[in-house]
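Peer 1: when you get a sec, could you give me coordinates for this:
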Amino acid sequence: MFIADFHIHSKYSRATSKDMDIPTLYQWAKWKGIKVLGTGDFTHPHYLRELKQQLEPLGNGLFRYKEGTEDVLFILTAEVSNIFSARGKGRRIHTLIFAPSFEVVEKINAKLERRGDLLADGRPTFGFHIKELVKIALDASSDCLVVPAHIWTPWYGLLGANGGFDSIEEAFEEEAKHIYAIETGLSSDAAMNWRLSALDRITLISNSDAHSPHKLGREANVFTCACDYYEIIDTIKKKDASRLLCTIEFYPQEGKYHYDGHRKCGILFSPKETKKHNYICPVCRQRLTVGVMHRVETLADREEGFRPPKVIPEIHLIPLEEIIAEATSKGVGTKTVQDEYQRLVSRVPEFEIMLKLPLEELASFVPGPILEGIKRVREGDVYIRPGYDGVYGEIKIFPEKEHKEEAKEEKKQTSLF
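Peer 2: Now for the predicted structure:
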């Protein structure tokens with residue numbers, strides 16, 4: 001069994017940490033317990049040169065870091081942005097490409113560089129229809145895989161409320177037969193996608209879309225197939241639940257486009273509330289940003305909670321750093337949290353702590369409050385305030401601590417008068 005995170009970005013993508021390079025990604029993947037990590041950004045010429053210098057092909061479509069061990073392997077991936085018009089509407093779609101070799105990547109890049117500036121961004125933008133992207137990838141190699149990324153994001157998601165389509169078939173037209181999987185993204189999970197019968201044939205995968213090393217694995221996939229590019233792609237194409245054990249998901253409510261609303265005015269609405277207000281912000285009278293749940297409700301042909309037969313299950317997790325932060329009442333980026341995180345993952349990788357080791361065994365080296373947080377996350381005993389209009393949702397593992405702090409502050413303020 002191994003964990004894979006296919007969708008990340010390098011330091012050559014906009015709004016991305018300068019630490020997103022192969023040596024740092026390798027080390028963080030080890031701490032996380034990720035066996036197969038996407039390179040991201042293979043379309044960028046400078047990054048591709050670094051990949052060729054630092055990675056060694058294993059002959060099975062995967063690569064090892066030359067200065068490391070095979071504890072972590074890399075798979076060639078890149079995200080592409082297409083902004084174009086189709087069916088009388090402007091479209092903005094992000095798509096993930098998998099490739100088995102540098103030779104295939106070079107063929108893809110040779111065609112893409114004629115249509116746009118690959119140096120401008122690690123995630124390049126093009127003006128052609130996304131079905132052409134499928135043709136470019138598969139012309140380079142039939143072993144490539146094209147996967148619509150974070151499909152429910154209002155902007156840039158295949159099924160997004162703004163700039164998206166209503167179905168895979170509408171989006172990819174005659175190339176739809178080559179779409180075997182979609183990425184749920186941070187703002188949806190498997191259960192939300194199960195509500196669309198049109199997606200029953202599609203494999204759901206989950207990835208971090210990390211822009212900094214510590215975000216690796218915040219969403220991921222658990223495989224039981226051979227650790228081999230061709231086996232992984234075959235598993236995804238066949239939606240083989242015996243080889244793709246489950247996906248690891250953020251709680252979708254934490255996604256920054258889960259509910260509807262208007263962040264400038266602090267308005268957070270459920271789909272029903274949005275309809276009640278005729279899609280208009282009651283504060284500024286501008287149109288509300290419609291979120292993922294509203295869009296799901298619009299396209300769904302099944303009730304909430306429906307579970308199709310023979311589905312690949314999901315597990316919802318909260319990153320260990322966030323558990324430590326809340327348990328210690330410190331910020332994620334503070335020295336207290338980072339030191340404790342490093343102490344734990346230097347002993348046991350994060351995913352083993354979160355998923356594998358019995359609580360009794362964890363108790364021998366995990367402090368009590370953090371252990372309680374891990375227990376609650378495993379049991380799904382958490383409170384989450386939904387995200388909206390670009391604002392991430394709020395997770396509370398220990399909501400009672402917040403109530404205590406509020407009570408203290410109220411008592412303190414009362415004593416002033």
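Peer 1: use CA for all of it now, contacts and neighbours both
Peer 2: Fine.
Peer 1: how about the strands in the stretch 301-417 of the chain?
Peer 2: Counting by DSSP state E, counting those that start in this stretch, residue ranges of the strands within the stretch 301-417 of the chain are 314-316, 383-385, 394-396.
Peer 1: with mean neighbour count added, can I get those strands in JSON lines?
Peer 2: What follows is the strands of the stretch 301-417 of the chain, written out as JSON lines (neighbours: other CA atoms under 10 Å):
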{"stretch": "strand 314-316", "mean neighbour count": "18"}
{"stretch": "strand 383-385", "mean neighbour count": "14"}
{"stretch": "strand 394-396", "mean neighbour count": "17"}
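Peer 1: of these, give the one that comes closest to Thr274.
Peer 2: Closest to Thr274 of the strands of the stretch 301-417 of the chain is strand 383-385 (CA to CA; 17.1 Å).
Peer 1: contact partners of that closest one?
Peer 2: 253-254, 393-397, 399 (CA atoms under 8 Å, 6 or more residues apart in numbering).
Peer 1: now Leu76: which helix or strand?
Peer 2: If you go by DSSP states H and E, Leu76 is part of strand 73-86.
Peer 1: burial count for the residue lying closest to Val311 once chain neighbours are set aside?
Peer 2: Excluding the flanking residues, the one nearest Val311 by CA to CA, 6 or more residues apart in numbering is Ala241, at 7.2 Å. By the criterion of other CA atoms under 10 Å, Ala241 has 17 neighbours.
Peer 1: so what's Ala241 up against?
Peer 2: Residues near Ala241 by CA under 8 Å, 6+ apart: 310-312.
Peer 1: likewise Arg263?
Peer 2: 388-391.
Peer 1: quick one on the thing from earlier: now the strands of the stretch 301-417 of the chain as CSV including mean pLDDT and distance to Glu79?
Peer 2: Below are the strands of the stretch 301-417 of the chain laid out as CSV (pLDDT from 0 to 100; distance: least, CA to CA, whole Å):
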stretch, mean pLDDT, distance to Glu79
strand 314-316, 96, 24
strand 383-385, 89, 29
strand 394-396, 88, 27
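Peer 1: possible to save these as a markdown table with distance to Ile267?
Peer 2: Listed next are the strands of the stretch 301-417 of the chain as a markdown table, based on distance: least, CA to CA, whole Å:
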| stretch | distance to Ile267 |
| --- | --- |
| strand 314-316 | 27 |
| strand 383-385 | 13 |
| strand 394-396 | 15 |
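Peer 1: out of these, flag the one nearest Glu174.
Peer 2: In terms of CA to CA, the element of these nearest to Glu174 is strand 314-316, at 30.8 Å.
Peer 1: list the neighbouring strands of the closest one plus their orientation.
Peer 2: With DSSP bridges as the test, strand 314-316 is paired with strand 244-249 (parallel).
Peer 1: of the contacts of strand 383-385, closest to Asp228?
Peer 2: Taking CA to CA as the measure, Asp228 sits nearest to Glu254 out of the contacts of strand 383-385, at 32.5 Å.
Peer 1: contact partners for the closest one?
Peer 2: By CA under 8 Å, 6+ apart, the residues touching Glu254 are 186-187, 384-387, 392-395.
Peer 1: 6 Å instead, please
Peer 2: Contacts for Glu254 were tallied using CA atoms under 6 Å, 6 or more residues apart in numbering; they are 386-387, 392-393.
Peer 1: now do the closest residue to it other than its chain neighbours, the pLDDT please.
Peer 2: The shortest distance from Glu254 to any non-neighbouring residue, by CA to CA, 6+ apart, is to Gly393 (3.8 Å). For Gly393, the pLDDT comes out at 87.
Peer 1: my guess is Gly393 contacts Gly387, does it?
Peer 2: Yes: here Gly393 lies in contact with Gly387, judged by CA atoms under 6 Å, at a distance of 3.6 Å.
Peer 1: give me the common contacts of these two.
Peer 2: Common neighbours of Gly393 and Gly387 (CA under 6 Å, 6+ apart) are 253-255.
Peer 1: secondary structure, pLDDT and distance to Arg49 for those - can I get that in JSON lines?
Peer 2: Formatted as JSON lines, these follow (DSSP: H, G, I helix; E, B strand; the rest coil; pLDDT from 0 to 100; distance: CA to CA, whole Å):
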{"residue": "Gln253", "secondary structure": "helix", "pLDDT": "91", "distance to Arg49": "39"}
{"residue": "Glu254", "secondary structure": "helix", "pLDDT": "85", "distance to Arg49": "36"}
{"residue": "Gly255", "secondary structure": "coil", "pLDDT": "78", "distance to Arg49": "34"}
